[in-house]
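Asker: no FASTA, just this:
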């Protein structure tokens, strides 16, 4: 799996497989979350620690990504 370096334990890695999908991983923001359904569709609540081993997860890159989009909007 291409995401190999981001997992702190085997359980975390296995939790985002399509067969289990207990957690959600957003590759653009590089954040983990707990998925849930809303009236509008799908959403997730971000988590900061691994539910299995307790290690701190990498910080989300959401703010950096949003800032870069404001500074360099896509053309077209």
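Answerer: Arrived safely. Keep in mind the model is a prediction, meaning the values are calculated, not measured.
Asker: only C-alpha atoms for contact and neighbour calcs from this point on.
Answerer: OK.
Asker: so where's this protein shaky on pLDDT?
Answerer: Applying pLDDT under 70 to the chain picks out residues 1-4, 74-76.
Asker: go again with 50.
Answerer: Along the chain, the parts satisfying pLDDT under 50 run over 1, 76.
Asker: in contact with residue 60, which residues?
Answerer: For residue 60, the contacting residues are 29-31, by C-alpha atoms under 8 Å, 6 or more residues apart in numbering.
Asker: so what's residue 31 up against?
Answerer: Going by C-alpha under 8 Å, 6+ apart, residue 31 touches 25, 46-47, 58-61.
Asker: who wins for most neighbours among those?
Answerer: Neighbour counts for the contacts of residue 31, by other C-alpha atoms under 10 Å, peak at residue 25, which reaches 20 neighbours.
Asker: check whether residue 13 sits in a helix, strand or coil.
Answerer: Classification of residue 13 by DSSP: H, G, I helix; E, B strand; the rest coil places it in helix.
Asker: swap that for residue 45, sorry
Answerer: When classified by three-state DSSP, residue 45 comes out as strand.
Asker: tell me, how many residues neighbour it?
Answerer: By other C-alpha under 10 Å, the residues close to residue 45 number 12.
Asker: and for residue 7?
Answerer: Other residues near residue 7 come to 15 when the count uses other C-alpha under 10 Å.
Asker: got a list of what it touches?
Answerer: In this structure, residue 7 makes contact with residue 13, judged by C-alpha under 8 Å, 6+ apart.
Asker: okay, it and residue 57: tell me how far apart.
Answerer: 8 Å (C-alpha to C-alpha, to the nearest Å).
Asker: closest one of the contacts of residue 60 to residue 12?
Answerer: Within the contacts of residue 60, distances to residue 12 taken as C-alpha to C-alpha reach their minimum at residue 31, with 12.5 Å.
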